[in-house]
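>>> Could you work out the structure for the sequence below:
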Amino acid sequence: MAGVTWRRLTLGVAAVYFLVPLAIAVWFTVYNESLGFSLGAYGRIVSAPGFGESLLKSLLLGAAVIVLVLLLALPALLAVRLGAPGLRPVLETITTLPLIVPPITYVVGIANALRGGTDALAATPFWQTLISIQDEDFPVVLVLAYVMLALPFAYRSLDTGLRAVDVRTLVEAARNLGASWPYVLFRVILPNLRSAVAGASFLSLALVMGEYTIAALMGYRTFPVWIVTVSGSDGQLSVALSVLSLGLIWLLLLTLSGAGRKSK
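Below is the predicted model of the structure:
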């Protein structure tokens, strides 16, 4: 009984801590002393130049990051768990490195690599490829940078899911029945990891939707960069953008969580 009381008390304090500031922010965006209640701040967001373009760009970048992160992390985790358990500390160390390197370091390194690569590859067929990955409409170079940043979070989500599943028994049973490795991965392993995959996907998408430093310093106008650009001279619009961004992230979280639960 005491444990239930403490849990309720903790949840109540957390709810007050998070919801009260959010409620104040929402009230600030919808109430003006001269106009009274108005949704004009949110109307200005939708009509602002670049809103749809920047939002779509960030969502597409997020989708690409999710796919690449899962393609990198999941096979590596399975290979280590099934064939080389001794390499697990090495894999954990590699996936932790992005957490200890400041984002500004990534920007400097990427910029120098692109600058040097452009000069070095100017007379080769790879020069056009180097230019293409920097395309403003869909900057692949940003996808690669975000994959590095998202790997630590996705790795831990997937690792937690794999710990809850007897992967070795599932794989051996499927292989003994003649299943190919692609079949084992997509029809045996993934159905048991949908919640973990949904968590890794959400964390990756949330990172892309909130990352500002790398995109801004490299000159790409993603959704976070657009928010900072258009909100500098209007306090009410700035808060409305923050509320909208938070609401969008929560909507995506609920969507991914619901997909994970329905797939069980």
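
>>> any idea which helix or strand of the protein has the worst average confidence?
The helix or strand of the chain with the poorest confidence is helix 235-262; it has a mean of 73 (mean pLDDT, DSSP states H and E).

>>> And that helix, what does it pack against?
The elements that helix 235-262 packs onto, with contact taken as 3 or more CB pairs under 8 Å, 6 or more residues apart in numbering; DSSP states H and E, are helix 2-30, helix 40-47, helix 194-210, helix 223-230. (Glycine included, C-beta is placed from N, CA and C.)

>>> where's the nearest residue to residue 138 once chain neighbours are set aside relative to residue 66, distance?
Using CB to CB, 6 or more residues apart in numbering and skipping the chain neighbours, the partner closest in space to residue 138 is residue 60 (6.4 Å). Applying CB to CB, to the nearest Å, the value for residue 60 to residue 66 is 11 Å.

>>> residue ranges with poor pLDDT in this structure?
Filtered on pLDDT under 70, the chain yields the residue ranges 1-4, 35, 232-234, 256-264.

>>> domain assignment for it?
What automatic domain parsing lists as the domains of the chain is 1-38, 52-262.

>>> Out of those domains, which is the most enclosed?
domain 52-262 (a mean of 16; mean count of other CB atoms under 10 Å).

>>> next one: that one to chain centre, how far?
Relative to the chain's own centre, domain 52-262 is displaced by 6 Å; criterion: CA atoms, centre = their mean, to the nearest Å.

>>> Stretch 33-40 too?
35 Å.

>>> Now the terminal residues of that stretch, how far apart.
13 Å (CA to CA, to the nearest Å).

>>> Same question for stretch 160-169.
17 Å.

>>> Enumerate residues external to that stretch that contact any of its residues.
For stretch 160-169, the external contacting residues (CB atoms under 8 Å, 6 or more residues apart in numbering) are 77, 78, 81, 82, 189, 192, 193, 195, 196, 197, 199.

>>> what's the third one sitting at in phi/psi?
Here is the backbone geometry of residue 81 (degrees, to the nearest 10): phi -70, psi -40.

>>> if I pick it, what's in contact with it?
Applying CB under 8 Å, 6+ apart, the residues near residue 81 are 88, 162, 167, 168.

>>> quick revisit: just curious, which of the contacts of stretch 160-169 is nearest to residue 132?
residue 197 (29.7 Å; CB to CB).

>>> right, and the closest one touches residue 158 too?
Yes: contact criterion CB atoms under 8 Å: residue 197 and residue 158 qualify, at 7.1 Å.

>>> Let me know the secondary structure of the most far-flung residue of the chain relative to its centre.
Going by CA atoms, centre = their mean, the residue of the chain most distant from its centre is residue 34, 39.8 Å out. Under DSSP: H, G, I helix; E, B strand; the rest coil, the three-state class of residue 34 is coil.

>>> before we move on, back to that, quick one: what helix or strand has the residue nearest to residue 138 in it?
Assigned by DSSP states H and E, residue 60 falls within helix 51-83.

>>> Run the chain-centre distance for that helix.
With CA atoms, centre = their mean as the basis, helix 51-83 stands 8 Å off its chain's centre.

>>> do the same with stretch 45-63
15 Å.

>>> Please report how far residue 227 lies from residue 212.
To residue 212, residue 227 is 8 Å away according to CB to CB.
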